[in-house]
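In: Build me a model from this:
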Amino acid sequence: MLNYLWAGMIAVGIVYGAFNGKMQEITAAALDSSREAVTLCITMIGVMAFWMGIMEIASRAGIIEMASKKLDPVIRFLFPDLPEGHKAKEHIATNFIANFLGLGWAATPAGLKAMEEFAKLEDDRRNGKVFGAARKKGIASNEMCTFLIINISSLQLIPVNVIAYRSQYGSADPAGIVGAGIVATAVSTGAAVVFCKLMDRRRKR
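Out: Numbers count the residues shown, from 1 in each chain. All right, here's what the predicted structure looks like:
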């Protein structure tokens, strides 16, 4: 759907520019934007490689596992039906930590693995291997919905990607967004948690 939307917007812009004699400006803008896109991608690849390397080092050093244990009360609060010691917990912790650092790209692989574990848990529930509120096949579980909503709200303590963007485009204070980012994402995450808990209570009733 988004592909059609963007393609339509581009087509309308080109046709409008052609009828108004602006094709030269459109061509120049397209070339300038392409150059900026390549430059930005190179910058972001460097940032992503650096922080994903840090995350990998932390994982191999046992820091992620230790952080997972520290986050266990939070995970148990958000996912009360998740069995003790379930494999999804470490992936959830890794995803949360990456999001705290504003590393959406680094958080994605862990998020996908967590979703896979949630899917396996639902299969076990349907087969009677694990106690829990089973749902019909093809319907997202409560854990899946909660995890997705928390990721969308995404509490960020250090928005690394945004800082990199601001630095790329010549901001005098690239890190000036940190305070506002913490407040905004804290409010959105708080609202997400309240919503999840209300919906969970409604489901159990």
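
In: So residue 84: helix, strand or coil?
Out: Three states are possible here, and by DSSP: H, G, I helix; E, B strand; the rest coil the one that applies to residue 84 is coil.

In: What pLDDT does the model give it?
Out: At residue 84, the pLDDT value in this model is 81.

In: That one: neighbour count?
Out: Around residue 84 there are 7 other residues, counting by other CB atoms under 10 Å. (Glycine included, C-beta is placed from N, CA and C.)

In: quick one: average confidence on stretch 143-156?
Out: 86.

In: which sections of this protein are below the confidence cut-off?
Out: Scanning the chain for pLDDT under 70 picks out 128-138, 204-205.

In: in stretch 160-167, what counts as buried?
Out: Of all the residues in stretch 160-167, those buried under the rule 16 or more other CB atoms under 10 Å are 160-166.

In: need those in JSON lines with distance to residue 198 and secondary structure, can you?
Out: Output for the buried residues of stretch 160-167, formatted as JSON lines (distance: CB to CB, whole Å; DSSP: H, G, I helix; E, B strand; the rest coil):
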{"residue": "160", "distance to residue 198": "32", "secondary structure": "helix"}
{"residue": "161", "distance to residue 198": "31", "secondary structure": "helix"}
{"residue": "162", "distance to residue 198": "30", "secondary structure": "helix"}
{"residue": "163", "distance to residue 198": "34", "secondary structure": "helix"}
{"residue": "164", "distance to residue 198": "36", "secondary structure": "helix"}
{"residue": "165", "distance to residue 198": "35", "secondary structure": "helix"}
{"residue": "166", "distance to residue 198": "36", "secondary structure": "helix"}
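
In: Check the gap between residue 100 and residue 9 for me.
Out: Between residue 100 and residue 9 the computed distance is 34 Å (CB to CB, to the nearest Å).

In: Equivalent analysis for residue 145, please.
Out: 31 Å.

In: That's all I had, so thanks and see you.
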